[in-house]
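Student: got a predicted structure plus its sequence, pasted below:
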Amino acid sequence: MRFDLIDLRLFLNVYEAGTITAAAAASHMTLASASERIRGMEDAIGTPLLVRDRRGTRMTPAGRALVHHARLVLAQIDQMHDELGNYGAGLRGHVRLLCNTSALSEHLPDVISSFLAEHSGISIDLEERTSDEIVDAVRNQLCDVGVVADSVDIEGLECFAFRSDPLVLAVPRDHDLAKKKRVAFAEVVDQPFVGLGSGSALHDHVTQQARRLGKSLDYRVRLRGFDSICRVVGRGIGLAIIPKAVCLRYTRSAGIKIVSLSDPWAQRNLVFCMRRMQDVPVHVQQLIQYILAQPPHR
């Protein structure tokens, strides 16, 4: 069974116009040629597509099925033409990207800024969510792509490794825990903490881990940014669970030490996830490929 694009457009014109004569005119072909093409489609599938009478044509069940698939195929072809045409006119598009707290604060701002500077026709809607929420949004087609911790269930999604992003315990330099290299979350869950405000993806993630231990963290203060958290930890107000990349940046200036967490949920990597790379628009693919090609920020 072989239908070409002319066949499909003609058949849609028959459906929309109601007669083969009007469809032939809309398709810029003679009535004889249009009739011959429709007979050829019916012969190919072995069943009538149209019921013809003096008032025009009516679709058979097979004809209605062909209308449905013809619309999908032609819409995909039109999208391909639009996207390929954008290469000549300057690629344009909008990307909705969801990411967790660490990706938003540490790993994406610089590289996205570089990408946008080189692609003036593309805009990005960047929003923070928890990794579980992001995966649900990707599966339900509520965003183009997500950056999540690989500790969540990403089965069935196409994923690409992005950055190593372990969570660590930040402690004051003179704290008893500063002498340790590694602790379990259960050993420190009763200590006073400093953290991000309620509603941040990282706050929700750490709170969930405490609940699994039957605990509720004692927050002395909640702040907006990691730099403020590190400075307050350095003053001895409390401990903090933050990405290692953040800790490394502030160890000297804030007077803090890094203690590794032995819990599996803290040993994480960030990944880009989407339904399938081939299903997202060209400008989304271009953004992902650009970001993945950049070396980690030092």
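Tutor: Received, thanks. Numbering: from 1, shown residues only.
Student: the closest residue in space to residue 166 that isn't next to it in sequence: how many residues sit nearby?
Tutor: Once flanking residues are discounted, residue 166 sits nearest to residue 244: 5.0 Å by CB to CB, 6 or more residues apart in numbering. Using the backbone N, CA and C atoms, a C-beta is placed for each residue, glycine as well. When neighbours are counted by other CB atoms under 10 Å, residue 244 registers 19.
Student: checking residue 193 next. Helix, strand or coil?
Tutor: strand (DSSP: H, G, I helix; E, B strand; the rest coil).
Student: for residue 267, see how far away it is.
Tutor: Distance of residue 193 to residue 267, computed by CB to CB, to the nearest Å: 20 Å.
Student: so for the two, which sits in the more crowded spot?
Tutor: A side-by-side neighbour count of residue 193 and residue 267, using other CB under 10 Å, places residue 193 first with 23 against 16.
Student: which strand residues bridge the more buried one?
Tutor: residue 219, residue 239 (DSSP bridges).
Student: show me what contacts it?
Tutor: Residue 193 makes contacts with 217-220, 238-241, as judged by CB atoms under 8 Å, 6 or more residues apart in numbering.
Student: redo that, cut-off 7 Å
Tutor: Shown in contact with residue 193 (CB atoms under 7 Å, 6 or more residues apart in numbering): 217-220, 238-240.
Student: for stretch 266-281, give me every contacting residue.
Tutor: Residues from elsewhere that reach stretch 266-281 (CB under 7 Å, 6+ apart): 83, 93, 102-103, 107, 135, 138, 144-151, 154, 157-167, 285, 288.
Student: go on, stretch 28-38?
Tutor: Against stretch 28-38 from outside (CB under 7 Å, 6+ apart): 7, 10, 20-21, 23-24, 27, 49-50.
Student: kindly report the same for stretch 215-231.
Tutor: So stretch 215-231 is contacted by 105, 170, 189, 192-198, 207, 210, 232, 237-238, 240, 242, 246, 250, 254, 256 (CB under 7 Å, 6+ apart).
Student: and that stretch, what's buried?
Tutor: For stretch 215-231, burial by neighbour count (16 or more other CB atoms under 10 Å) applies to 217, 219, 222-223, 226, 229-231.
Student: circling back to that earlier point, who's in contact with the residue nearest to residue 166?
Tutor: 166, 168, 258.
Student: which residue sits closest to residue 167 in space, ignoring its chain neighbours?
Tutor: Excluding its sequence neighbours, the residue lying closest to residue 167 (CB to CB, 6+ apart) is residue 266, at 4.2 Å.
Student: neighbours of that neighbour, how many?
Tutor: Neighbours around residue 266, by other CB under 10 Å: 23.
Student: returning to that earlier point: which ones among the contacts of residue 244 map onto strands?
Tutor: Among the contacts of residue 244, DSSP state E puts 168, 258 in strands.
Student: as JSON lines, the contacts of residue 244 with distance to residue 98 would be great.
Tutor: Shown next, in JSON lines, are these (distance: CB to CB, whole Å):
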{"residue": "166", "distance to residue 98": "21"}
{"residue": "168", "distance to residue 98": "24"}
{"residue": "258", "distance to residue 98": "28"}
